[in-house]
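*Asks:* pasting the sequence and the predicted model now:
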Amino acid sequence: MTAAMTRRGQARMALAVLGVAMSTMPLASALAQRDREPDQQGARRLGGVPREVALEVTSVWNAPATRRVRGDFALAPMDTVRGDLAVLGGRVRLAGVVTGQVVVLNGDATLIDGARIERALTVIGGTFESPEQPNVGGEIRVWSAAYRYHEVGDTLVAELDFFSRWSRWMRDDERDSGGSMNSNLLVTTAHTYNRVEGLPIYVGPRFSARSGDTRVRTELVGIFRTGDALTWKRENLGHRALFEVRQGNKAGVALGGRLFDEVDAVEKWQLTESEVGLNT
């Protein structure tokens, strides 16, 4: 009797374990499926756009087979774009089918129920909205950072470094009626004649540019001191270099540096520079 009761107890325990296992299988299957699914919601990337991504989307736009659109674009439910689609500077609303990849530059993208993208979706400089399960065959990538570029004819050129952005700032400021961009060659004297330097002569370029709230100023000036019989030697040569970046108008931050070899008074006298020069 004891053995029979033990066998019945073991059978009940086995059935209980089997029931728990069967009840947890759907949950485990759902979790496994979730782990296997790619990030279809396209989590927004932080920071700047990686260099390889900027080159990739630029290549897609410049490809002859790509359908290129400037401004807003809408794809109806029964319409199909065969191949890649690239949209620049506009809102994109897709309800139909794109058989290639979709690139949205400096604009927002929205997928409607029933829309399908057979390859990847990349959004730079905008946002992405979609149903809970967007039908996108490849990866979804979204960057808030703007896509920076300039155009050569019908071709886009991605701006990947500081110097290309500097050129864009200068072009933008040339179109600005306020005339905030300035570049010139400085040829001047530092101040009046004095016994130490004679009449120091400053020669060198100066540049300034801005883009929105960002301002850049730089100068590279050479100094020639005329007090020692106009001799070209180390003691008569100096320099002044400046680089500064400012972000913000009324409030903000600034980063910069100076490198200089200049002659200045040790202490302030009760005489102006003009009076010192006349006395000399």
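*Replies:* The structure has been received and is ready for your questions.
*Asks:* what residues go with each domain of this structure?
*Replies:* With domains defined by automatic domain parsing, the chain comprises 44-152, 162-279.
*Asks:* of those, which stretch is the most buried?
*Replies:* domain 44-152 (a mean of 17; mean count of other Cβ atoms under 10 Å). Backbone N, C-alpha and C define where each C-beta goes, glycine included.
*Asks:* pLDDT on that domain, on average?
*Replies:* Mean pLDDT, domain 44-152: 93.
*Asks:* chain center to it: distance?
*Replies:* How far domain 44-152 lies from its chain's middle: 18 Å, per Cα atoms, centre = their mean, to the nearest Å.
*Asks:* all helices of this structure, in order?
*Replies:* Along the chain, the stretches classed as helices by DSSP state H are 2-36, 51-62, 162-175, 273-279.
*Asks:* so how far is the last one off the chain centroid?
*Replies:* Average the C-alpha atoms of helix 273-279, do the same for its chain, and the two points are 52 Å apart (Cα atoms, centre = their mean).
*Asks:* CA atoms only for that helix, dumped as PDB, please.
*Replies:* C-alpha atoms of helix 273-279 as PDB (Å, rounded to 0.1, in the frame of the first residue of the first chain):
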ATOM      1  CA  GLU A 273      50.000 105.800 -25.800                       C
ATOM      2  CA  SER A 274      49.900 108.900 -27.900                       C
ATOM      3  CA  GLU A 275      51.700 110.900 -25.200                       C
ATOM      4  CA  VAL A 276      54.300 108.200 -24.800                       C
ATOM      5  CA  GLY A 277      54.900 108.200 -28.500                       C
ATOM      6  CA  LEU A 278      55.200 112.000 -28.700                       C
ATOM      7  CA  ASN A 279      57.700 112.000 -25.800                       C
END
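*Asks:* what distance do you get for V253 to E244?
*Replies:* 11 Å (Cβ to Cβ, to the nearest Å).
*Asks:* contacts only, for the residue most central in space within the chain.
*Replies:* Nearest to the mean C-alpha position of the chain, counting by Cα atoms, centre = their mean, stands G48 at 4.2 Å. Applying Cβ atoms under 8 Å, 6 or more residues apart in numbering, we find G48 in contact with 143, 145.
*Asks:* swap the cut-off to 7 Å and go again
*Replies:* Neighbouring residues of G48 by Cβ atoms under 7 Å, 6 or more residues apart in numbering: A145.
*Asks:* try V263
*Replies:* V263 touches 196-197, counting by Cβ under 7 Å, 6+ apart.
*Asks:* rerun that using 8 Å as the cut-off
*Replies:* With Cβ under 8 Å, 6+ apart, V263 has these contacts: 196-197, 200, 225, 238.
*Asks:* ok, so of the residues you listed, who is nearest G90?
*Replies:* G238 (53.7 Å; Cβ to Cβ).
*Asks:* quick check: closest non-adjacent residue to that closest one.
*Replies:* I223 (3.5 Å; Cβ to Cβ, 6 or more residues apart in numbering).
*Asks:* and that neighbour, bridged to which residues?
*Replies:* In this entry, I223 is beta-bridged to Y202, G238, by DSSP bridges.
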